[in-house]
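> Predicted model and sequence below, questions to follow.
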Protein chains: 2
Amino acid sequence: MTLIDPPSVLAPKGFTGQGVFCDVKQLGTGKGSNKGKKRDLAIIYSESPCVAAGMFTTNQVCAAPVKVCLEHLEHDSAQAIVVNSGNANACTGEKGLKDARAMCEQTAKALGLSRSQILVASTGRIGLPLPMRKIKSGIIDAAGQLTALQSGADHVAEAIMTSDTHPKQFSVALELGGKTVRIGAAAKGAGMIHPGMSPSGQRPLSMPLHATMLGFVTTDACIDKLTLQQCLTQSVASSFNRITVDGDMSTNDTVLALANGLAENPLLSISSKSSSKPKDLRHFQEALDHVCLELAKMLVRDGEGVSRFATVFLEGARNDLDADLALRSVCNSALVKTSWLGGDPNWGRILDALGYSQATIDPMRVDIAYSASKSSRKIHSLRAGKPSKVAFKTLCELVAGPEIFLHINLNLGKGRGVMYASDLTEDYVTFNKGDVSDPASLGG
Amino acid sequence: MTLIDPPSVLAPKGFTGQGVFCDVKQLGTGKGSNKGKKRDLAIIYSESPCVAAGMFTTNQVCAAPVKVCLEHLEHDSAQAIVVNSGNANACTGEKGLKDARAMCEQTAKALGLSRSQILVASTGRIGLPLPMRKIKSGIIDAAGQLTALQSGADHVAEAIMTSDTHPKQFSVALELGGKTVRIGAAAKGAGMIHPGMSPSGQRPLSMPLHATMLGFVTTDACIDKLTLQQCLTQSVASSFNRITVDGDMSTNDTVLALANGLAENPLLSISSKSSSKPKDLRHFQEALDHVCLELAKMLVRDGEGVSRFATVFLEGARNDLDADLALRSVCNSALVKTSWLGGDPNWGRILDALGYSQATIDPMRVDIAYSASKSSRKIHSLRAGKPSKVAFKTLCELVAGPEIFLHINLNLGKGRGVMYASDLTEDYVTFNKGDVSDPASLGG
């Protein structure tokens, strides 16, 4: 696997795209980071039909574009994605559904496709009807300027941003059966970030609770639909579903993948009837995992007000579900997050959050350690529930930087997991309280 | 029921108390609100033996004084409570248990009682051993200055404070069987406030997840032990267990009640063999409910950095557990809390938090309304999932003050509940990030 640099969501063969300004955000005098004529509508297009897969918010309040994607994914092929920022088209009732379908219809018309071949996503303020005249002019504008050039990819990544401070793309290439396969992706995040997505938008009973994040993956891999969905489900489970900024799960979280097969590699398939090589599939999965994880981490680092990024490893839980419950309790604790902001190696707050989680713990068995990097030596602050003799200053040095590595061992079983989380800052609060005298400053 | 003014935890007959400074907090140059020689050890004493009851954190990491209270409550009588602030004696292992028992032993010795007649509570930083020499001198000091005067009560209420900005007491009197019965109480809160207490410290399966808060109730009512525990359990369920500041449940949450019977009212008892009048018991329960609720609200209003107080009513849930899950999701959402800070009537964030709660909702049935006071007319921002035509400015006016009244109806069933919550402010973040160069500034 090699990185494609500069990163581009349009790196795979046959993909073009564009991002344009059509004034959905109505920014006016908004004091957010996105002032003036920021791009707010994007199209990603494949010159040949694709198999498609998706992962969607499990919030019971799910936005119209999520519902329309689920309808369209029932069809065998897709060929384009249309996305707007500035308005989430969430909590907009029947009109919202009609508008999301109209976005697809207009995109299909502009591209000479049928409506069901279009996938759709929206992000931004909840509860306002989409400004459909603006959206339509944006679609026509973007569809008329599709390009495979870097500028097209960069404009797509810009157009999907809300409170993000910079666009996010990642892309890799790998060899499969003598052919070069490329995977490209773009994503956005910033606030309301605690995704818990599933392929159906339905919450599995075993799935614990967890902003709008959007992710778009393109590939020229030759892969069947079921296999693409399985690969995407697995990649999202270990990336976007493992991040949190503020613990608020959005109504719009969506990751979509399009695969057009133009790389002409031997078909990747989990079907037992297929002659697909397990090794090829494993390599594709690893590449997709890597793309999704790198983008997921970028989302946390660029989360609203975020100053510090924490990787929290947990092992020794009774089972993986307990590991997840314990991790989410720690990573969403206001007191743990403010201690990270302060560079305070406060194991007491961590142990407290473990204790009130729904995971089973035994306080007298818990180990808590920090390390300077992912793989460097762990320095324990707590061992078997007892404070270590390591100097407070030494621990402080380990949590003084922008990257914190925290290791928790419950010492009860084989359950394990990891989460990528942020600190909680004054800037997060200031940004999200907004300014009611300037409605354009109010977030989703 | 009449209020006793000024409020006093020592209002009931036969109770004395004192709060003293013994330097547990080691404040040094601490920049917290409690600089210098703040009182940090308190004793509440009854001149005659009491029946006692308690409610304790359901955090699996529970502090040593909680465990010792549970042991001592198995005995038939109690006669004093000893409390320190500045150090939680939590996560302190076997030494912590020994220290908590020694606090009781020393108090018993100073008062001429046996150890099991003493209940104990601690609040403050987690993970540090108690400075037992200081504690002992504080106990001797306090025990030597016990008084029924208002100054004693005020010193008790001061000595239990951590980041609280002011002491909190409440007291009432009621007539039962021709006798005047008094209930007094003192409490502290500020941060790590999301109590979920039970009589055993064990979490009932049906109990959802929810700082250090401490509450001490005194009464001269004549009541049996089982009845006092039942009354306290019910009062705490509808008061302290219904509040949240930051969603972090402490390792030390404790409410203790002592009843010495000196009012000589007819025995209050739930026992069928008793001739206790149901009406008397109901009146006592109402009075205790009132005392606990008023103190619980004070805790939220004086929470760390809190600028706004929200009362959130929810009805129409499938059942009361769902109502509770939905309420806690809304009241602990960073985005909902920052919108309260901003005076932004953002129903989208409320609906989003309902949607990711574990409660069942149907977004197309949800009503969201505000009112200017508890009982004034509701102004809907959302009806059956659809935004109302009420002007944004009108809604803004309803959430512009220090008190917000939010009404949610899920319209699915008969489950209902209420929670008392706060906004999330920059001051909360600044306070809790602390200053690692000044360990005394670091909170629990």
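Yep, that arrived. Just so we're clear, the structure is a prediction, and the values are computed from it rather than from any experiment.
> any low-confidence regions in chain A?
A:26-36, A:195-211, A:272, A:275, A:438-444 (pLDDT under 70).
> Tell me the buried residues in the strand ranked longest in chain A?
Criterion DSSP state E: the longest strand present in chain A is strand A:41-57. By 16 or more other Cβ atoms under 10 Å in any protein chain shown, the buried positions in strand A:41-57 come out as A:41-46, A:50-57. (Each C-beta comes from the backbone N, C-alpha and C, glycine too.)
> ok, it: who's next to it in the sheet?
strand A:15-20 (antiparallel), strand A:78-87 (antiparallel), strand A:197-198 (antiparallel), strand A:254-259 (antiparallel) (DSSP bridges).
> B:S371: which of those is closest?
strand A:78-87 (29.2 Å; Cβ to Cβ).
> A:P266 contacts A:L281, doesn't it?
No. Taking contacts as Cβ atoms under 8 Å, A:P266 lies outside contact range of A:L281: 10.2 Å.
> So for the two, which sits in the more crowded spot?
A:L281 (19 against 15; other Cβ atoms under 10 Å in any protein chain shown).
> Find the residue closest to the more buried one in space, skipping its chain neighbours.
Leaving aside its chain neighbours, A:L281 sits nearest to A:L268 (5.2 Å; criterion: Cβ to Cβ, 6 or more residues apart in numbering or on different chains).
> just A:G303 next, same as before
Take A:G303 and drop its neighbours on the chain: the residue closest to it by Cβ to Cβ, 6+ apart is A:V245, 3.5 Å away.
> so what's the one you found up against?
By Cβ atoms under 8 Å, 6 or more residues apart in numbering or on different chains, the contact set of A:V245 is A:189-194, A:211, A:299-300, A:303-304, A:306, A:421-422.
> Check A:N409 too.
A:314-316, A:366-367, A:369.
> List the beta-bridge partners for it.
As for beta bridges, A:N409 partners with A:E315, A:D367 under DSSP bridges.
> How much space separates it from A:A353?
15 Å (Cβ to Cβ, to the nearest Å).
> just to revisit the earlier point, let me have the strands paired with strand A:41-57 in TSV, extended by distance to A:G184.
What follows is those, written out as TSV (distance: least, Cβ to Cβ, whole Å):
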stretch	distance to A:G184
strand A:15-20	7
strand A:78-87	12
strand A:197-198	20
strand A:254-259	10
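> Ok, which of those strands comes nearest B:I160?
strand A:197-198 (45.7 Å).
> how about the helices of the stretch 1-150 of chain A, start to end?
A:64-72, A:93-111, A:132-143, A:150-159 (DSSP state H, counting those that start in this stretch).
> returning to what we had before: between helix A:64-72 and the longest strand of chain A, find me the angle.
Angle of strand A:41-57 versus helix A:64-72, following axes from the mean of the first three to the mean of the last three Cα atoms, to 10 degrees, is 80 degrees.
> and strand A:41-57, C-alpha only, in CSV?
Extracted in CSV, the C-alpha atoms of strand A:41-57 (Å, rounded to 0.1, in the frame of the first residue of the first chain):
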residue,chain,number,x,y,z
LEU,A,41,-22.5,21.8,-2.7
ALA,A,42,-20.5,18.9,-4.1
ILE,A,43,-20.9,16.2,-6.7
ILE,A,44,-18.7,13.0,-6.9
TYR,A,45,-19.3,11.2,-10.2
SER,A,46,-18.1,7.9,-11.7
GLU,A,47,-18.0,7.6,-15.5
SER,A,48,-19.1,4.0,-15.2
PRO,A,49,-21.7,2.4,-12.9
CYS,A,50,-20.5,1.5,-9.4
VAL,A,51,-21.5,-0.9,-6.7
ALA,A,52,-22.3,1.1,-3.6
ALA,A,53,-22.3,0.7,0.2
GLY,A,54,-23.3,2.9,3.1
MET,A,55,-23.1,3.3,6.8
PHE,A,56,-25.7,5.5,8.5
THR,A,57,-26.5,7.1,11.9
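> to the chain's geometric centre, what's the distance from it?
16 Å (Cα atoms, centre = their mean, to the nearest Å).
> Verify the assumption that A:A326 is located in a helix.
Yes. Judged by DSSP: H, G, I helix; E, B strand; the rest coil, A:A326 forms part of a helix.
> residues touching it, list them.
A:314, A:317, A:354, A:357, A:359, A:361, A:408, A:410.
> got a list of what the residue nearest to A:L281 touches?
Taking Cβ under 8 Å, 6+ apart, we find A:L268 in contact with A:176, A:221-224, A:227, A:276, A:280-281, A:284.
> now swap in A:A421 and tell me
A:243-245, A:300, A:309-310, A:312, A:331-332, A:337.
> does A:F431 really touch A:G305, like I thought?
Yes. Between A:F431 and A:G305 there is a contact under Cβ under 8 Å: 5.8 Å.
> Tell me the spacing between the most centrally placed residue in chain A and chain B.
What sits nearest the mean C-alpha location of chain A, by Cα atoms, centre = their mean, is A:F240, with 4.2 Å. According to Cβ to the nearest Cβ, to the nearest Å, A:F240 and chain B sit 15 Å apart.
> And A:S422, by the same measure?
From A:S422 to chain B the distance is 11 Å (Cβ to the nearest Cβ).
> how many other residues sit next to that residue?
A:S422: 28 neighbours (other Cβ under 10 Å).
> do the same with A:P6
A:P6, neighbours per other Cβ under 10 Å, totals 11.
> For the nearest residue to it once chain neighbours are set aside, give me its contacts.
Of all residues not flanking A:P6 in the chain, A:Q150 sits nearest, at 6.0 Å (Cβ to Cβ, 6+ apart). Counting by Cβ under 8 Å, 6+ apart, A:Q150 makes contact with A:6, A:8, A:10.
> pretty sure A:N252 is touching A:A64, no?
No. Using Cβ under 8 Å, A:N252 makes no contact with A:A64, being 9.4 Å away.
> Need the residues touching each of the two.
With Cβ under 8 Å, 6+ apart, A:N252 and A:A64 have common neighbours A:90, A:122.
> who in the stretch 1-150 of chain A is up against chain B?
Residues of the stretch 1-150 of chain A found near chain B (Cβ under 8 Å from any Cβ of the partner chain) are A:58-62, A:88, A:90-91, A:93, A:125-127.
> For those residues, please prepare TSV with the additional fields distance to A:I140 and neighbour count.
Shown next, in TSV, are those (distance: Cβ to Cβ, whole Å; neighbours: other Cβ atoms under 10 Å in any protein chain shown):
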residue	distance to A:I140	neighbour count
A:T58	34	23
A:N59	32	32
A:Q60	35	21
A:V61	31	25
A:C62	28	22
A:A88	22	30
A:A90	25	31
A:C91	28	26
A:G93	26	16
A:R125	24	21
A:I126	27	27
A:G127	27	24
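> residue with max distance from the center of chain A?
Largest centre distance within chain A, by Cα atoms, centre = their mean: A:K389, 39.6 Å.
> ok, it to A:L395 distance?
11 Å.
> hang on, the earlier thing: redo the contacts of A:A326 as TSV? Include distance to A:V172.
Shown next, in TSV, are these (distance: Cβ to Cβ, whole Å):
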residue	distance to A:V172
A:L314	28
A:A317	32
A:L354	36
A:S357	36
A:A359	35
A:I361	38
A:I408	31
A:L410	35
